[in-house]
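J.: okay, sequence plus prediction incoming.
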Amino acid sequence: MTDSIIPDWPAPAGVRAFVTTRSGGVSIGPYASLNLADHVGDDPAAVAENRRRLRAHLPSEPLWLTQVHGPRVVRAEQAAAGVEADAAFTRQSGRVCAVLTADCLPVLLCNDVGTVVAVAHAGWRGLAGGVVEAAVRATNEPPSRLLAWLGPAIGPQAFEVGAEVRAAFLAHSAEASAAFAARENGKWLADLYRLAGQRLNALGVERVFGGGFCAFNETERFYSYRRDKATGRMATLIWLE
């Protein structure tokens, strides 16, 4: 693997995280090259080799979820591979929690003493549906003791949505209006980073890091479903040593 993003956040000793880009694998065509998803039409042998390369950097096989854009959270050590969920957490050393993304927002969580970690897949539906709140609750920690990191997602200058998306967030909080910019065509530009930050802050999670990526515009670095349709997926992973 030739490229990765290591989260720039003050996580405590014992917390490890890894975020892949699209470089360093064997997939070809629209999936080039480190596609880690086995449900997007890529050659299964290529996906297996890409996962093998990733596994060399990890203490165990990640818990690969079947993501459905919902709020369900599972405990990694008690869940089976392929379980339908969009977030996972663990307090057990060596258990790797993972989500796959290609525009949706990956959110990492840990407490400030390094005894619990979580990751959530937060597309706009999951974010509006409460997946971040569910992940925070699952840690069973006071939110003031949690740190969050926001990984690569579609950026606020590229994520055009309809009025129904804005309405879904405004129904939860009027503050969400600040995360939407009107366009002349009647659509809106949505800022997933800001929306997630608002949700975390409202819960009492004040230490939020990361953001500032754009999967759509950073073509060589990230997969983007909105940009390419047929494309791969990056992984965001977290575990306890």
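T.: Great, that's in hand.
J.: please count neighbours and contacts with C-alpha atoms only from this point.
T.: Will do.
J.: centre-most residue in the chain?
T.: P106 (1.3 Å; Cα atoms, centre = their mean).
J.: how close does that one get to A135?
T.: Distance of P106 to A135, computed by Cα to Cα, to the nearest Å: 12 Å.
J.: between these two, what contacts are shared?
T.: Taking Cα atoms under 8 Å, 6 or more residues apart in numbering as the contact criterion, the common neighbours of P106 and A135 are V119, A120.
J.: where does the chain dip in pLDDT?
T.: 1-3 (pLDDT under 70).
J.: which residues in it form helices?
T.: Using DSSP state H, the helices of the chain run over 44-55, 124-129, 131-138, 163-170, 192-203, 225-228.
J.: nearest to P30, of the ones you listed?
T.: Nearest to P30, of all the helices of the chain, is helix 225-228, at 7.8 Å by Cα to Cα.
J.: what comes up buried for that closest one?
T.: Residues of helix 225-228 classed as buried: Y225, R226, R227 (neighbour count, 16 or more other Cα atoms under 10 Å).
J.: for E160, see how far away the residue sitting furthest away from the middle of the chain is.
T.: Distance from the C-alpha centroid of the chain peaks at E184, with 30.3 Å (Cα atoms, centre = their mean). Per Cα to Cα, E184 is found 12 Å from E160.
J.: just to check, N35 is in contact with M234?
T.: Yes. N35 lies in contact with M234 (Cα atoms under 8 Å); the separation is 6.5 Å.
J.: quick one: which of the two has more around it?
T.: When N35 and M234 are compared for neighbours, N35 comes out ahead with 33 against 26, by other Cα atoms under 10 Å.
J.: list the contacts of that one.
T.: For N35, the contacting residues are R22, G25, S27, D42, V47, N50, G232, R233, M234, by Cα under 8 Å, 6+ apart.
J.: ok, A46 next?
T.: Here A46 is in contact with V26, S27 (Cα under 8 Å, 6+ apart).
J.: what is the neighbour count of T21?
T.: Residues lying near T21 (other Cα under 10 Å) number 24.
J.: for A178, that is, sorry about that
T.: Close neighbours of A178, defined as other Cα under 10 Å, add up to 13.
J.: could you report the distance from it to A81?
T.: 38 Å.
J.: likewise Y223?
T.: Per Cα to Cα, Y223 is found 23 Å from A81.
J.: the more surrounded of those two?
T.: Y223 (34 against 13).
J.: so what's the more buried one closest to, chain neighbours aside?
T.: Nearest residue to Y223, sequence neighbours excluded (Cα to Cα, 6 or more residues apart in numbering): A102, at 5.0 Å.
J.: of the contacts of N35, which is the most crowded?
T.: Counting neighbours by other Cα under 10 Å, G232 leads the contacts of N35 with 30 neighbours.
J.: phi, psi for that one please.
T.: phi -90, psi -170 (degrees, to the nearest 10).
J.: correct me, but it touches G29?
T.: No. The pair G232 / G29 is not scored as a contact, 10.0 Å apart, by Cα under 8 Å.
J.: tell me how far A190 lies from L100.
T.: Separation of A190 from L100 (Cα to Cα) stands at 21 Å.
J.: tally up the residues packed near H57, please.
T.: Burial measure for H57: 10 neighbouring residues, criterion other Cα under 10 Å.
J.: for V136, see how far away it is.
T.: 27 Å.
J.: do the same with G130
T.: Applying Cα to Cα, the value for G130 to V136 is 10 Å.
J.: please say which of the two ends up with more neighbours.
T.: Between G130 and V136, counted using other Cα under 10 Å, V136 has the larger neighbour count: 26 against 17.
J.: quick one: residues contacting the nearest residue in space to the more buried one that is not next to it in sequence.
T.: Once flanking residues are discounted, V136 sits nearest to P143: 7.1 Å by Cα to Cα, 6+ apart. By Cα under 8 Å, 6+ apart, P143 lies in contact with V136, L203, G204, V205.
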